[in-house]
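**Student:** One predicted model, sequence on top.
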Amino acid sequence: AGDWAFLTAAATGSAPAVTYATSLTDVAAFTAPTSPGGGVGASAPATANRVLTYTVTFPAAGTYDLYMRMRVGAGGANDDSYFYATSFGTKSPVLGTDWINANGLFNVGYEAGSTLPVDGGGSGGTGVWKWLNMSKYAGYGVSGATFTVPAGALTQTFQIGAREDGLDFDKLAFGQTGLYFTVANLDNGTAGSTTVPQIFVPTGPPLATGKPKYLGCAYSSAQAPNFGAYWNAVTPENGGKWGSVQPTQGAFNWTDLDNAYAQAKPATGTQSLFRMHTLIWGSQQPAWVKNLSSADQLVAIKAWMAAVAARYPNINHIDVVNEPINTPPTGFTTISVPGTPAGTADPNGGGYINALGGTGTTGYDWIITSFQLARQYFPNAQLMINEYSVENSATRAATYATIINLLKVRGLIDGVGIQGHAFSTAGQSAATINGNLATLAATGVPLYITEYDSDGPSDADQLAEYQRVFPLFWQNPSVKGVTLWGYRVGHWRTAQGANLANADATERPALVWLRNYIQTTALGTKATSAASAGISVYPNPATAGSVSLSLPATLSQQPLEVGLFNALGQEFCLERFLNSPGNFTASKLKWVKQNQPELYDRIYKIMLPGDFIALMLTGKPSTTISGLSEGIFWNFRDSRIATELLDHYGIEESKLADLVPTFGEQGRLHDAAAKALNLVAGIPVCYRAGDQPNNAGSLNVLNPGEVAATAGTSGVVYGIIDAAEYDPKSRVNNFVHVSHSDDHPRYGVLLCVNGTGSLNSWLRRTFFTDLSYAAMNQEAARAPVGSEGLRFYPFGNGAERVLENADPGAMLQGLQFNRHDRSHVARAAQEGIVFALRYGMEVMESMGLKMTTVRAGYANMFLSDLFASTFCNTTGCVVELYNTDGATGAARAAGVGCGAYSSLADSYRGMEIIRRIEPDNKQQDANLKAYEFWKSDLSKYTI
């Protein structure tokens, strides 16, 4: 009827057929002032057509809870809200005070098979039928209602209203308040229980008791059970947001905020820190505010702050402005998400930025005004700002620091909030997170992690992520406290497994670990370490009491306490291992030994993939010098196993496999392997190496000055030198090459740029879906050298070693709408890849590698004439293209090892060049100018 449809889903397996009601029209059609109902769709059904009316006859008088059996559609959080009446009777469809907005239902509820009592929590997902106790559910700060049936009036009228489409309803039920109903009780209409099943009850005290930092949690009805046993700081999850407290003009709903405040500030007993979240934001704001004039909006903002200040006099911290970069209160979305592009009108987006002064002369006047008002109304509270994804973005961290400093010079800010969500930290290196924390710490304002979570599809996944990420925050001296954004089922990322406790309150392994870690980790008071702040010291250890100190730009004016590179010393490591030990096999083993000792103790031999394959073929564990160098187990200076590193890491030398020569018999094919491969037992195994040495070998790159290149998913340049040189900043990798000998030393220098071919393939599937790669190359050739100032920085595939492990993300710079078309974009991408490789080749040249000719397989990006010629004209190198690959190189090397070829030179007889490209004097100057222009912005972009 009206905006509702009644549909039937056929029976499947043991599941019976279901006839259900679903809304046909979304809330978006009822929020504009000119829409049906006058635009109240965000807080009431808006029209009578969107209301369903039920007549319910109760067995007895009393107080009842409302239960709903529902299914959230594929839109998840965009299909998960509806209205239900605050009490029995017929309600006005346009009066918000008559209705409860039940929102955020996508990740709560109890599915079939659950034996837990159905309450306002649960972890039910989307696309499944699930029960939820609406009377106990408090989503987005809106408390549920119970329903009273008086004696003599057992038949009552009950109504629900449509809000978002995609939400289906099968049943509603009323259960006596105080009884406990399971899914089976509700499905079958059977009586509830007077006793709740026994569940795990933690004993406390809070994990951070006695520590110099607090460890808090977001508070809501779903997170409230056992809260005080774990956490000593409280932040209202949704109850403190303006849209939750005052959804209707002139009426306040303080229930959730009162509950959170009472948790932190009980009338008797232990008081804990209370964080008010949040005063100003561009999301979850009252819909009515957006329609006011700027003058009236400012009046409303002041009244909102005054009301909070009067009701809660002992607030410790306040998030004055939430997400100023990502979600300013413009009334429009800033970040694109599937189905909602940036710039989409948001009825709950505030729309009051101009009332606070707009961008003004500073670019952030509205933020300054917000803090000035907060200082006026909350003179005794610590004023904070809060933002997400500043820990993983150097660009966003720098912008955030600019805002913080504007507030600092005016004496308006006391703390910096960094949310620390899983979507910002997952996959990010410690160097990236530490570097961005250092940028923010350089402002001199204390840092706080305000909304931490780590996902865990499995217990092991979550435990590993907590062990990897949480210490980066907790042990950072600039971070003064950490708040988790929930810990129980009902967590906003329950679907991603971010809850630390199970539905029955038992603790997942990450929570068990967290308790032990917090209680046993000593916290120092010294400043952020030099290594974590991106500071370079040389020589290290110091010589004659003197060192050269290199500071990142963000710290160049800050007082520092400089620590040594590590226990061995920077110069010691680089001279012997030619690399920083981080991110190599040895360092990973150290982590395993410290964090999973039972796994480490089971290790028999340490092997790289090539070593393992050889083991499977021969039954004998072995390795080569080249393999040891790839794991940083080799002392290049003394030409021996790196015993000093093994000793420092506590790795037993006996765990290394036996050394065998790179070329020559390394073992013989054993019977089981021969049978599995349909080969003859006893065949000699004569060679193994990694992918880049094999690729170089396939191109006859064996001697000093010879260079190989690939440009597939990643771009690699691999050159040979005859001296154990290193880059002081470890921007390239160094290995013992397969052609190395004591008499004729050969070392491989490897440059890798992660986002090369990835950029080209991303462009094709995103912007050039109508073109083949060949046609894209033709399109790119239409644009002139330098792409008329359009520049692509292809660093969008993770941290880049050549950028000192920064992870700036990809960037298109200099776009002019009246000048550039897609031919410029296509060419700028190819030029950006070449320029990134050229930038790294300059590092290689500084190590003594003289490059005149570069050899490459005729594949991937080198299939493009434009790419090959741009590479040639930018680097000044002759480019030789061959029809070969790494597998061919390995086969040639194995032939040398078994004696099929008399020498490496003999194995390359008959190898033909498919194409040779030489620098074009007419084009070189233009390419070099374009490269220098590209490089001139690189340092600003990667800070």
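**Tutor:** Looks like it arrived, so ask away.

**Student:** where does the protein have low pLDDT?
**Tutor:** Where the chain drops to pLDDT under 70, the residues are 1, 141, 197-198, 338, 524-572, 580-584, 939-943.

**Student:** How is it divided into domains?
**Tutor:** Domain segmentation of the chain under automatic domain parsing yields 4-188, 214-231+388-521, 236-361, 582-685, 755-942.

**Student:** which helices and strands does the longest helix along the chain pack with?
**Tutor:** For the chain, the helix reaching the highest residue count under DSSP state H is reported as helix 822-846. Contact here means 3 or more CB pairs under 8 Å, 6 or more residues apart in numbering; DSSP states H and E; on that basis helix 822-846 packs against strand 707-711, strand 715-721, strand 747-753, helix 756-766, helix 773-781, strand 791-793, helix 865-875, helix 921-936. All C-beta spots, glycine's among them, are computed from the backbone N, C-alpha and C.

**Student:** so can I have TSV of the ones you listed showing mean neighbour count?
**Tutor:** As requested, those are exported to TSV (neighbours: other CB atoms under 10 Å):
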stretch	mean neighbour count
strand 707-711	26
strand 715-721	25
strand 747-753	24
helix 756-766	19
helix 773-781	18
strand 791-793	25
helix 865-875	23
helix 921-936	15
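
**Student:** Which of those sits closest to Val732?
**Tutor:** Nearest to Val732, of all these, is strand 747-753, at 5.1 Å by CB to CB.

**Student:** Please put the alpha-carbon coordinates of that closest one into PDB.
**Tutor:** The C-alpha trace of strand 747-753 is given here as PDB (Å, rounded to 0.1, in the frame of the first residue of the first chain):
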ATOM      1  CA  TYR A 747      77.100  -6.600  -7.200                       C
ATOM      2  CA  GLY A 748      73.600  -6.000  -8.300                       C
ATOM      3  CA  VAL A 749      72.000  -2.600  -7.600                       C
ATOM      4  CA  LEU A 750      68.200  -2.800  -7.800                       C
ATOM      5  CA  LEU A 751      65.900   0.200  -8.200                       C
ATOM      6  CA  CYS A 752      62.100  -0.500  -7.900                       C
ATOM      7  CA  VAL A 753      59.200   1.800  -8.500                       C
END
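
**Student:** how about CSV for the helices and strands packed on helix 822-846, with distance to Pro45 added?
**Tutor:** Below are these laid out as CSV (distance: least, CB to CB, whole Å):
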stretch, distance to Pro45
strand 707-711, 58
strand 715-721, 57
strand 747-753, 55
helix 756-766, 40
helix 773-781, 51
strand 791-793, 50
helix 865-875, 59
helix 921-936, 56
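
**Student:** Figure out which of the ones you listed is closest to Leu132.
**Tutor:** Taking CB to CB as the criterion, helix 756-766 is the member of the helices and strands packed on helix 822-846 that comes nearest to Leu132, at 39.4 Å.

**Student:** burial of Glu391, as a residue count?
**Tutor:** By the criterion of other CB atoms under 10 Å, Glu391 has 27 neighbours.

**Student:** Next, it: secondary structure please.
**Tutor:** Under DSSP: H, G, I helix; E, B strand; the rest coil, the three-state class of Glu391 is coil.

**Student:** quick one: contacts for it?
**Tutor:** By CB atoms under 8 Å, 6 or more residues apart in numbering, the contact list for Glu391 reads 397, 418, 420, 424-425, 428, 432-433, 436-437.

**Student:** of those residues, closest to Leu523?
**Tutor:** For the contacts of Glu391, the minimum distance to Leu523 (CB to CB) is 15.5 Å, reached by Leu437.

**Student:** Isn't that closest one up against Tyr448?
**Tutor:** No: counting by CB atoms under 8 Å, Leu437 does not reach Tyr448; the two are 11.5 Å apart.

**Student:** tell me, what's touching the two both at once?
**Tutor:** With contacts taken as CB under 8 Å, 6+ apart, the residues that reach both Leu437 and Tyr448 are 418, 479.

**Student:** Looking at the two, which has the bigger crowd around it?
**Tutor:** Neighbour comparison, Leu437 and Tyr448: the larger count goes to Tyr448, with 29 against 25 (by other CB under 10 Å).

**Student:** what sits against the more buried one?
**Tutor:** Shown in contact with Tyr448 (CB under 8 Å, 6+ apart): 317, 384, 415-418, 479-483.

**Student:** ok, now with 7 Å
**Tutor:** For Tyr448, the contacting residues are 384, 415-417, 479-481, by CB atoms under 7 Å, 6 or more residues apart in numbering.

**Student:** how near is the most far-flung residue of the chain relative to its centre to Leu771?
**Tutor:** Distance from the centre of the chain peaks at Gly152, with 58.3 Å (CA atoms, centre = their mean). As judged by CB to CB, to the nearest Å, Gly152 and Leu771 stand 77 Å apart.

**Student:** Repeat that for Arg375.
**Tutor:** Taking CB to CB, one finds Arg375 at 57 Å from Leu771.

**Student:** and what of Ala828?
**Tutor:** Counting by CB to CB, the separation of Ala828 from Leu771 is 16 Å.

**Student:** do Leu484 as well
**Tutor:** Plainly put, Leu484 is 47 Å away from Leu771 if you go by CB to CB.

**Student:** More neighbours: which of the two?
**Tutor:** Neighbours per residue (other CB under 10 Å) separate Leu484 from Leu771, with Leu484 holding more: 26 against 16.

**Student:** can I get the CA coordinates of the strand or helix carrying Leu599 in CSV?
**Tutor:** Following DSSP states H and E, one finds Leu599 within helix 597-600. Output of helix 597-600 as CSV, limited to C-alpha atoms (Å, rounded to 0.1, in the frame of the first residue of the first chain):
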residue,chain,number,x,y,z
PRO,A,597,58.6,-17.8,19.6
GLU,A,598,56.8,-21.2,19.4
LEU,A,599,56.8,-20.8,15.6
TYR,A,600,60.4,-19.6,15.5
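
**Student:** So which elements touch the helix or strand following that helix?
**Tutor:** Note on helix 597-600: by DSSP H and E, the next helix or strand toward the C-terminus is helix 609-618. Contact here means 3 or more CB pairs under 7 Å, 6 or more residues apart in numbering; DSSP states H and E; on that basis helix 609-618 packs against strand 622-623, strand 667-668, strand 684-685.
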